[in-house]
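> sequence unknown, structure follows:
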């Protein structure tokens, strides 16, 4: 079943009564909340879909939610920006409109999958990000102009301050302000963007592969122009849907997912069962963490085309995220035989890393790096190598790998984040905070927000506790925005809330995620949520399951050790805490310190 907007609507027992009425208003916004273009107001939207600054900076929670709204008729036509062309029964539709209202960033080079396969959920104390997944191609990622940091930081600070002062409307208010944080820099870029920039050529058969040829935003703009004149081009609509999935993931803006869904639906309506649209549906489902659905779509494509790179990679990702590791390894072997290349190599490496075979993982990634030619592929693979080295506590190698990634693309955010993490582990907290602040100012996503908050807490200077609370509040805001746009955010909720939020909500989310899929990450999240709620006997089997594949993750091993101590298994607990610190002594600014204190206390 396709994800629905209201699947994650908060219940009355999760929030104060006053907040419930506000949530009812947000979640039940109808067509009349937006303009004719399907959820965004008409005012502030130009002919090319760009919004003016006033329209964005004054966004209300209702306006934010309206961007994810469903409107128009499945039989009514829409133009390339998603504005509805009146047709019969237009008021009765449930299809989101594929608007292109924020093609707003400067041209950027292509690169390998911005969400690493598997690593998007490799939350070391949290992906990954959601860390992601999905389409198997080398895909473009977006940069944020360096001069826009001040605007984004200001928007982030406003969101956090608002949530601190007014907790009863935290999620609604922060979601709106977080959306502003995500778009504040984009408005300025839109005003200065080179009008001569071009992306995908307007042809009668726009191929998804052309998305990797240049700027993602320029490609979207070109597709928009093409579809205005050729609205029956099903390949064009499929490519637009894929572009929106990538834009959502690389910008951290889940409001793009309903637009991607609408474009893909339009493609399938024109040409039922076409390969590009089914590949797009697999990518969209994976990005929304609907992995069983992603697997179904990937299998549909492979039935007709066994050599589809996107579908082969989507299948690996889905199997990994469903916890079917043996099947994922077979799928990786098959993909390597049928379509060897950077997208397959990186997934092949991750499957082996999950099973504890770090040597093979690094060897394959080094081969992938040697085969990479574009700056985007180089930065992606080198960044993945850096993450692998960091997981093993090899911080100098990690810094070298991140340096290789940044030499290819100085604005590659995963490498900037990884470099800050490695600097923190080496004791250079000042540079680590500076680097993580840069990452968060551009993309306020859960993992870097939590990491920055913990860096503030570990520094413990005047005002640091309030700064940390700002970051944790924004995690809640991002989760609210993600859920409003059909993303299953239970894993993010469980991991962040267990240490920095409502522990009952953490447990509820972890149980829900475990009911959907049995991975090492969901087992770890459930174990830790049970532990912080005092249910250690129930937590122990899940903590052991999380470490059963021999995945080298110090955070998982630390959680197991703490739970073992709490259940009276003192020797095992000390062994695992010592193992976590030996493997990766800087795995978490706060967790590593707690592990050392626990070892000292149990001598």
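The structure has been received and is ready for your questions. It should be emphasised that the depicted structure is a prediction, and the values quoted were computed from it without experimental measurement. Numbering: from 1, shown residues only.
> number of nearby residues for residue 538?
15 (other CB atoms under 10 Å). In this view, the C-beta of every residue, glycine as well, is placed from N, C-alpha and C.
> contacting residues for it?
Residues in contact with residue 538 (CB atoms under 8 Å, 6 or more residues apart in numbering) are residue 530.
> can you list contacts of stretch 503-517?
Contacts for stretch 503-517 (CB under 8 Å, 6+ apart): 14, 291-292, 321-323, 488, 490-491, 493-498, 522-523, 525-526, 528-530, 532-533, 535, 542.
> now do the contacts for residue 547.
520, 553, 556-557, 560.
> picking that back up, now a PyMOL select for only the buried ones of the contacts of stretch 503-517.
Restricted to buried positions by 16 or more other CB atoms under 10 Å, the PyMOL selection for these reads:
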select buried, resi 291+321+322+323+488+490+491+493+494+495+496+497+498+522+523+525+526+528+529+530+532+533+542
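> what would the contacts of residue 547 look like in a markdown table with distance to residue 436?
Listed next are those as a markdown table, based on distance: CB to CB, whole Å:
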| residue | distance to residue 436 |
| --- | --- |
| 520 | 26 |
| 553 | 20 |
| 556 | 22 |
| 557 | 24 |
| 560 | 27 |
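> which of those residues fall in helices?
Among the contacts of residue 547, the members falling in helices (DSSP state H) are 520, 556-557, 560.
> pick the one among these closest to residue 440.
Proximity of those to residue 440 (CB to CB) peaks at residue 556, which lies at 24.9 Å.
> could you report the neighbour count for that closest one?
Once other CB under 10 Å is used to define contacts, residue 556 is seen to have 28 neighbours.
> likewise for residue 571?
Residue 571: 10 neighbours (other CB under 10 Å).
> check which helix or strand it maps to.
helix 570-583 (DSSP states H and E).
> mean confidence for the next helix or strand after that helix?
Sequence-wise, the next helix or strand downstream of helix 570-583 (DSSP H and E) is helix 591-601. Averaged across helix 591-601, pLDDT comes to 96.
> give the buried residues for helix 591-601.
Quick answer for helix 591-601 (16+ other CB under 10 Å): 591-592, 595, 598-599.
> mind listing what's buried in the helix or strand containing residue 537?
Assigned by DSSP H and E, residue 537 belongs to helix 536-546. Neighbour-count burial for helix 536-546 flags 536, 539-540, 542-543, 545-546 (criterion: 16+ other CB under 10 Å).
> again with stretch 307-315
Buried residues in stretch 307-315 (16+ other CB under 10 Å): 308-315.
> what's the answer for stretch 348-362, then?
348-355, 357-358, 361-362.
> quick one: which of the residues you listed is nearest to residue 442?
residue 350 (25.1 Å).
> wait, isn't the closest one in contact with residue 319?
No. Counting by CB atoms under 8 Å, residue 319 is not a contact partner of residue 350; they are 11.6 Å apart.
> specify which member of the buried residues of helix 591-601 is nearest to residue 298.
For the buried residues of helix 591-601, the nearest to residue 298 is residue 591 (35.6 Å; CB to CB).
> surely the closest one is in contact with residue 558?
Yes. The pair residue 591 / residue 558 is scored as a contact, 5.5 Å apart, by CB under 8 Å.
> related to what we said a few turns ago, I'd like the buried residues of helix 591-601 as JSON lines, with distance to residue 385 appended.
Output for those, formatted as JSON lines (distance: CB to CB, whole Å):
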{"residue": "591", "distance to residue 385": "24"}
{"residue": "592", "distance to residue 385": "23"}
{"residue": "595", "distance to residue 385": "26"}
{"residue": "598", "distance to residue 385": "32"}
{"residue": "599", "distance to residue 385": "31"}
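> and the furthest pair within those?
591 and 599 (12.7 Å).
> picking that back up, can you pick the most crowded of the contacts of residue 547?
residue 560 (30 neighbours).
> tell me the pLDDT of the residue lying closest to it once chain neighbours are set aside.
In space, and not counting its chain neighbours, residue 560 is closest to residue 543: 4.2 Å by CB to CB, 6 or more residues apart in numbering. Here the pLDDT value assigned to residue 543 is 98.
> where does the prediction get shaky in this protein?
Within the chain, the segments meeting pLDDT under 70 span 1-214.
> for it, which segments are assigned as strands?
77-78, 84-85, 110-111, 139-140 (DSSP state E).
> show me what contacts the residue nearest to residue 599 when sequence neighbours are not counted?
Nearest residue to residue 599, sequence neighbours excluded (CB to CB, 6+ apart): residue 577, at 5.2 Å. For residue 577, the contacting residues are 557-558, 561-562, 565, 595, 598-599, by CB under 8 Å, 6+ apart.
> out of these, the closest to residue 450 would be?
Nearest member of the contacts of residue 577 to residue 450, counting by CB to CB, is residue 558, at 15.3 Å.
> count of neighbours near the closest one?
28.
> any idea how far the closest residue to it other than its chain neighbours is from residue 432?
Leaving aside its sequence neighbours, residue 558 sits nearest to residue 580 (CB to CB, 6+ apart; 4.1 Å). Distance, residue 580 to residue 432, by CB to CB, to the nearest Å: 20 Å.
> also residue 583?
Taken as CB to CB, the span from residue 583 to residue 432 is 20 Å.
> and those two? Which one has more around it.
A direct count of neighbours by other CB under 10 Å for residue 583 and residue 432 places residue 432 higher, at 25 against 16.
> who touches that one in this structure?
Residue 432 touches 420-421, 423-424, 455, counting by CB under 8 Å, 6+ apart.
> who's in contact with the residue nearest to it when sequence neighbours are not counted?
Distance criterion CB to CB, 6+ apart; nearest residue to residue 432, sequence neighbours excluded, is residue 424 at 3.6 Å. Taking CB under 8 Å, 6+ apart, we find residue 424 in contact with 432, 455, 586, 589.
> widest-spaced pair of those residues?
455 and 586 (11.3 Å).
> ok, those two, which is more surrounded?
Between residue 455 and residue 586, residue 455 has the larger neighbour count (other CB under 10 Å), namely 26 against 20.
> wait, isn't that one in contact with residue 433?
Yes. Using CB under 8 Å, residue 455 is in contact with residue 433, at 5.1 Å.
> on that earlier part again, need the buried residues of stretch 348-362 in TSV (columns: distance to residue 461).
Below are the buried residues of stretch 348-362 laid out as TSV (distance: CB to CB, whole Å):
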residue	distance to residue 461
348	44
349	40
350	38
351	42
352	42
353	37
354	38
355	42
357	42
358	37
361	38
362	38
